[in-house]
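Colleague: Give me a 3D structure for the following:
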Amino acid sequence: MQISRCGIHGFHEVLGIDTDEIRFYWAIESEDKNATQVFYRIVVTTDAAELESDRPDISKLVWDSGRVESNEQRNILCKPSTGFQSTTSHFWRITVWDQTNNAHHTAANHFFTAYPRSHLLTPYSMNQTYMPHSSLIFKSWFEDEANRWKAVWIGDGGDKPIYLRKAFELAQKPVRAILFASGLGHFNMSVNGQPASDHRLDPGWTNYHRRVQFTSYDVTGHLDSGHNALGVHLGNGFYAGDKGGDDRFFWPMYEDNTYVRYGNELCFFGELHLFYGNGEHTVLISDGSWKVSKSATTLANIYASENHDRRRYPSGWDSASFDDTEWAPAKPLTGPRGHIYYQTQPPVVLHETFQPRKVHSPRKGVVCYDLGQNASTMVKIAVEGAAGSEIIVRYSETVREDGTVLMPDPLFKEFETGVFSRIILSGTGQPEIWEPDFSFTSARYIQVEGVSLDAGSGLPVIHSAVGRHISSAARKLGHMTTDKADVNSLLSALYWSFSSNLFSYHTDCPQIEKFGWLEVTHLLAPATQYIRDMESLYTKILDDILDSQEPSGLVPTMAPEIRYMCGPLHDTITWGCALCLLPDILRQYYGSTHVIPKVYPAAVQYMEYMKTKERKGGLIEHGLGDWGRGIAFGNNQANIETAVYYRCLQCVEMMAHELGKLQEAEKFKQWSARIYDVYNQHLLVTDDQSRPYAYYTSLDNYPERDCDAIAQAMALQFGLVPTKFHSDVMAAFLDDVADGKIRAGEIGLRFLFNTLADAKRPDLVLQMVRQEEHPSYMRFLRRGETTLLEFWQDECRSKCHDMLGTIYEWFYAAVLGLKPVSEAYRTFEINPPYESEFDHVKGSVDSPYGLILIEFMRTDKTSVKLDLQVPFGTTAIVKLPADMRQAEIGSAKEAIKSVHGRELELSHGSYTVFVQL
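Modeller: Below you'll find the model as predicted:
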């Protein structure tokens, strides 16, 4: 037995923990079929050596769970009675005992704390000699030196990109060096000329009036005795959006200019904590002793627009030997209004590199590149030319016949003309490398102007251009393939659409908008959890939602609310419900409840707000309905929004139970029961003699009764159908989808596919997928698209939208056949597509408890072979065909034996199941 993976819930990195309670998890591997975890113990100390002792030094012991009799491996609460000590290394180890009382240990794990009880920076002006009368006011603050931030915000007082640096001397090399830092809008951190990490676009996007994230880096290996230097490159981001002097595209300012800057001064703060072998701990902070200079990047517009003058680049500016005597002293600044919090979600990093599939020059001075794959991208080019030569780089998801960039939506031609990067060469006689520092887009095509492929043209020569996929560093979990080429192509397009929209929140698209619309977060969560570990990202998104909630209780459709919307685009429960649904998603898929204490009060307030929107005794019908299927009127508003309201109430009830608030839980139980009754009173039709079944109608054309699939699917999927009418409603659903056409908007689409999965009709799903005309996924692919488009159109403004991607969940749940049953896959179902066109399906998901492997093979028309791997601590329920002739099962250490019944219950191990149909 060995502990294969362990960590802390809700934190991707752990070098700046700023909370006084955390929750541990771990996964185990064992080849012993009889192995079980009987006991566990977790010890947290401030000295790694103490972890080896059965009785750690009490002065260094932070927390000890004691030996606990339990097979739990997740959500283990650690809450020291006095909290965690600030700016201190903490070491922890898990020990588990198996059924023979043998102990198994992890190595010593490490996390570093920031200031758990302080989320504000020191007000610089209040500590200056010209305000001596303030000393009494801030006495308690400054007396608590160990538990307060010491750095101050600095910059040059302007809103254009800048370099900041701090040279310093070290008498000796530290044994540990931890750097806390944040820069708004975005910053790149370096130490002695080397990147402090692989992060891009730090810190994550937030409502900067409420919350500002800091990041943390272990830079021990970057420092040495003698001369050292810290370097910071600051750009605008969303904090101080900039259209530049030539009016570049910046979506929050588009059309009605609803964007209001969070701040007008780019700013940075940092603390470098240095620890030495003799126990000494010193801190170097950002203050007026730092030096500042304007950047060679003069425009940093996050919508893929930068200006960069290579002639102005101060080579070696972030190295220790650089002469900064001509640089100005940095100015202490007020900084943003928001409190300071550790960046818990995964950082944004670079992933795959796309080499061009095609390179051509449609006319003199223009070179076009086809990367072959649309994706969220930071480009990188190498150009050689004379000093002062100007290069323009454009990006696109669509091109004209000659290969030049095209925005097909006439309403957004500004994106075609107003999104570009301008680079001015320094003329070194060598290829000059340019890559954006603070911007990205979604692109398959790159167009470079002012260059040539031919060295004799008199123009700068472009040597290379590549695209580098940029996305969240969230751990990759799942993959699947089938024996159908068109399905595999769709799975690829789904993957790139999903991966291209994961940043510091779940974006709607990485090109035009980059906004945190909340409906994709919860609708796509059941699909995304198969392919990425989303726990810490959802944790952060909930913070964004809490920061965006209005005093009335309203949860807006977007968080953070970078562009203000109005009407239903601001207030719609199918978007705002993410506040209530995400805690249940974290519980269901990750076995984690750490967010519930902070979310519950806000969720209660949201439900009280929604109560004011009730009509006819409990229906909700004031939002966007099935967005994307008919916008202005109709589209199943009452069916969809009331069903989501009902589910929200159930989630709030769950949270109340989790917190031990049993009376409040009962209140929400009765509340949801009332909505159930009202839903069926107004929407369930049982007296229509023209139809052979009971069904759900919308109120779109009241009193006319309709009977579409989405109305039936919503009731079925949300548990709103009385038992005696279940078969009727399923029959009504199947009648409406019998022609294999998609009739669903963005919201209803997920529930359409899930109901078809329950009905075991993969044939209908695949017929919908393969339609020649829209709505059709395969029409996208037949036309050469490699990601999903925003709408069911041949051409539209955005071609990297994942909101139509809920079918991804269907592929994993109904084709690979994997579905979690209890929390965090402790129990999961394997129900392969016995009755489908698939002859071979193979996939894996690295679940919270370990790797699940499934391979389904149809060996002939009447035989199926199923290879399975079940992780330790879990139980797999394998579904067998109801009409099979026989089944057998074998494993590496057990002989093949017959199976009795139509279900197999398997503990950890590897198995092969043979089924005769």
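Colleague: Quick check: the residue nearest to residue 834 when sequence neighbours are not counted vs residue 753, distance?
Modeller: Nearest non-adjacent residue to residue 834, counting by C-beta to C-beta, 6 or more residues apart in numbering: residue 881, 4.6 Å away. No exception for glycine: its C-beta is placed from N, CA and C like everyone else's. Separation of residue 881 from residue 753 (C-beta to C-beta, to the nearest Å) stands at 22 Å.
Colleague: returning to what we had before: go ahead and confirm the residue nearest to residue 834 touches residue 913.
Modeller: No - counting by C-beta atoms under 8 Å, residue 881 does not reach residue 913; the two are 11.4 Å apart.
Colleague: neighbour count winner among these two?
Modeller: Ranked by neighbour count (other C-beta atoms under 10 Å), residue 881 and residue 913 place residue 913 first, with 23 against 16.
Colleague: what ranges do the strands span in the stretch 451-600 of the chain?
Modeller: 461-472, 478-482 (DSSP state E, counting those that start in this stretch).
Colleague: by contact count, what packs against the shortest one?
Modeller: What that stands for is strand 478-482. Where contact means 3 or more C-beta pairs under 8 Å, 6 or more residues apart in numbering; DSSP states H and E, strand 478-482 is packed against helix 485-499, helix 525-531, strand 840-847.
Colleague: For that strand, buried residues please.
Modeller: 478, 480, 482 (16 or more other C-beta atoms under 10 Å).
Colleague: quick one: low-confidence parts of the stretch 251-400 of the chain?
Modeller: The stretch 251-400 of the chain contains residues with pLDDT under 70 at 256-257.
Colleague: quick one: contacts for residue 525?
Modeller: The contact partners of residue 525, taken as C-beta atoms under 8 Å, 6 or more residues apart in numbering, are 534, 538, 581, 582, 585, 589.
Colleague: Please name the nearest non-neighbouring residue to the second one.
Modeller: Excluding the flanking residues, the one nearest residue 538 by C-beta to C-beta, 6+ apart is residue 582, at 5.3 Å.
Colleague: Check whether that neighbour really touches residue 541, as I assumed.
Modeller: Yes - judged on C-beta under 8 Å, residue 582 makes contact with residue 541 at a distance of 6.7 Å.
Colleague: between the two, what contacts are shared?
Modeller: The contact sets of residue 582 and residue 541 overlap at residue 521 (C-beta under 8 Å, 6+ apart).
Colleague: Quick check: closest non-adjacent residue to residue 385.
Modeller: The nearest residue in space to residue 385 (C-beta to C-beta, 6+ apart) is residue 460, at 2.5 Å.
Colleague: Tell me how many other residues crowd that neighbour.
Modeller: 24.
Colleague: Helices of the stretch 651-800 of the chain, residue ranges please.
Modeller: When assigned using DSSP state H, counting those that start in this stretch, the helices of the stretch 651-800 of the chain occupy the ranges 662-683, 709-717, 726-737, 746-758, 762-769, 777-782.
Colleague: Mean neighbour count, those helices: which tops it?
Modeller: Most buried of those, by mean neighbour count (mean count of other C-beta atoms under 10 Å): helix 709-717, with a mean of 27.
Colleague: With just CA atoms, put that one into CSV.
Modeller: Extracted in CSV, the C-alpha atoms of helix 709-717 (Å, rounded to 0.1, in the frame of the first residue of the first chain):
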residue,chain,number,x,y,z
ALA,A,709,-38.8,17.8,-25.4
ILE,A,710,-37.1,20.5,-23.2
ALA,A,711,-40.2,20.9,-21.0
GLN,A,712,-40.2,17.1,-20.5
ALA,A,713,-36.4,16.9,-20.0
MET,A,714,-36.3,19.6,-17.4
ALA,A,715,-39.1,18.0,-15.3
LEU,A,716,-37.4,14.5,-15.6
GLN,A,717,-33.9,15.7,-14.9
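Colleague: orientation of it relative to helix 746-758 in degrees?
Modeller: Helix 709-717 runs at 60 degrees relative to helix 746-758, counting by axes from the mean of the first three to the mean of the last three C-alpha atoms, to 10 degrees.
Colleague: before we move on, back to that, residues touching the residue nearest to residue 834, list them.
Modeller: Applying C-beta under 8 Å, 6+ apart, the residues contacting residue 881 are 834, 835, 902, 915, 917.
Colleague: Which among those residues count as buried?
Modeller: Neighbour counting by 16+ other C-beta under 10 Å classes 834, 915, 917 among the contacts of residue 881 as buried.
Colleague: what about the first one, which helix or strand?
Modeller: In other words, residue 834. Assessed by DSSP states H and E, residue 834 sits outside every helix and strand.
Colleague: pretty sure it is in contact with residue 917, am I right?
Modeller: Yes - at 6.8 Å, residue 834 counts as touching residue 917 under the criterion of C-beta under 8 Å.
Colleague: Name the residues contacting each of these two.
Modeller: What both residue 834 and residue 917 touch, as defined by C-beta under 8 Å, 6+ apart, is the set 864, 881, 884.
Colleague: Out of those residues, which sit inside helices?
Modeller: Of the shared contacts of residue 834 and residue 917, none are assigned to helices by DSSP state H.
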